[in-house]
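Chemist: need a structure here:
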Amino acid sequence: MIAKEHPLVPLFEKFIADTLKGKRLKPDGSRIKPQTVANYTYVLRYLQEYEAAFSPLRIKVYKSESKRLFTAERNYWKKFYRQFTQFLYTQKKCFDNYVGTVIKTIRIFFNYLNREKGIVTGDFYKSFYVCREEVPIVTLMPQQLQFLIGDEQFNDRLSKTQLKAKQIFVFGCTVALRVSDLFTIKFSDIERVGDASYLPVKTAKTGTAVRIKLPAYALEIIAAFKTTARNRKTIFPPIPRTRFNNQLKELAELAGWTAENGKSRANRGVAYDFTTAATEKQYRFCDLVSSHTMRRTAITTMLMLGMKEHVVKQISGHANDSKSFHRYVNLVQSYLDNEMDEVFGKARA
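Modeler: Residues are numbered from 1 along each chain as shown. Down below sits the predicted model:
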């Protein structure tokens, strides 16, 4: 017996609305973050654009032992997956990681229909493959971070805007917070215990409690921003992400970090090399520095200088079984390999 069909888009809109209202929760009972809901809205937009380009999507609820009906429904969703991912790759110019994120959201949506709305869709969506790729981590080496912290001649070359961007960047490369958490830190968050100062925060993404002891140069940065804060409660002023990233690229170029640094992304597992749109030349290291570099630099610096993994995870808010954390460990291994090659190269000489 075949039950009635439901148009997919209104159900996806209901999925978003229920998430916003707190009717959908995480497995631990906490509410789903607004950033995640924002990602859902992007997926909804893609589904609407796909329907406009191809045909309306439907959810068919059925209870049947018919092999013919089973095969027809399976083929419907196989065709959707093939056409929708091709639409993302070709028309929306997406790459594997982002396509995988979109497909993962659609799988979550189907789980919601089956488990929370009682709409039995079948398990066809479980065959939607979630593509992934290991995107190379752009991070500063310890000597590069030390240069930004302590080179006064470099500071003298910077404008006031560039100096503020550098100070935020150095602070971010120290505390290992996500960018969204970094710009919400308040002056009142800083705790003093004896001669030491601490930054206790709870990360927005994981809810992990983090308490970080701040070095002297980080306290100097806080003091510098306090002199111009006026009525602002947050340590750092809000800066549009694109502008901040452009400022960081300028800083890295001024620092002389202009060595060529390849950039590639995968499309269905096939890597494609990029050149800069402006010059059609190979990307340089400075072209790839961004706000994400701060957290990556902080974590890798801690590991490179000998901090134990479980301590770094506690500071960074990574779970003990975090898969993403191992990308940092792999980067550190390559650093150690280079150091070993240099040492034994000298020994041989």
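Chemist: mind listing what's buried in stretch 143-153?
Modeler: 144-145, 148-149 (16 or more other CB atoms under 10 Å). All C-beta spots, glycine's among them, are computed from the backbone N, C-alpha and C.
Chemist: Could you tell me how far that stretch lies from the centre of the chain?
Modeler: 27 Å (CA atoms, centre = their mean, to the nearest Å).
Chemist: Could you pull up the mean pLDDT of that stretch?
Modeler: Averaging pLDDT along stretch 143-153 gives 95.
Chemist: and the gap between the residue positioned nearest the centre of the chain and residue 14?
Modeler: With distances taken as CA atoms, centre = their mean, residue 292 lies nearest the centre of the chain, 7.6 Å away. Residue 292 is 33 Å from residue 14, where distance means CB to CB, to the nearest Å.
Chemist: sorry, back to before: number of nearby residues for the residue nearest to the residue nearest to the centre of the chain when sequence neighbours are not counted?
Modeler: Excluding its sequence neighbours, the residue lying closest to residue 292 (CB to CB, 6 or more residues apart in numbering) is residue 179, at 7.1 Å. Neighbour count of residue 179, defined by other CB atoms under 10 Å: 17.
Chemist: now swap in residue 97 and tell me
Modeler: Neighbours of residue 97 (other CB under 10 Å): 15.
Chemist: Now do it against residue 134, distance only.
Modeler: Using CB to CB, residue 97 is found at 9 Å from residue 134.
Chemist: is it true that residue 244 touches residue 289?
Modeler: No. Between residue 244 and residue 289 there is no contact, the gap being 11.0 Å when judged by CB atoms under 8 Å.
Chemist: Among those two, which residue is more densely surrounded?
Modeler: Each of residue 244 and residue 289 has its neighbours counted (other CB under 10 Å); residue 289 has more, 26 against 19.
Chemist: what sits against the more buried one?
Modeler: 138, 248-249, 251-252, 257 (CB atoms under 8 Å, 6 or more residues apart in numbering).
Chemist: now residue 77
Modeler: So residue 77 contacts 124-125, 127-128 (CB under 8 Å, 6+ apart).
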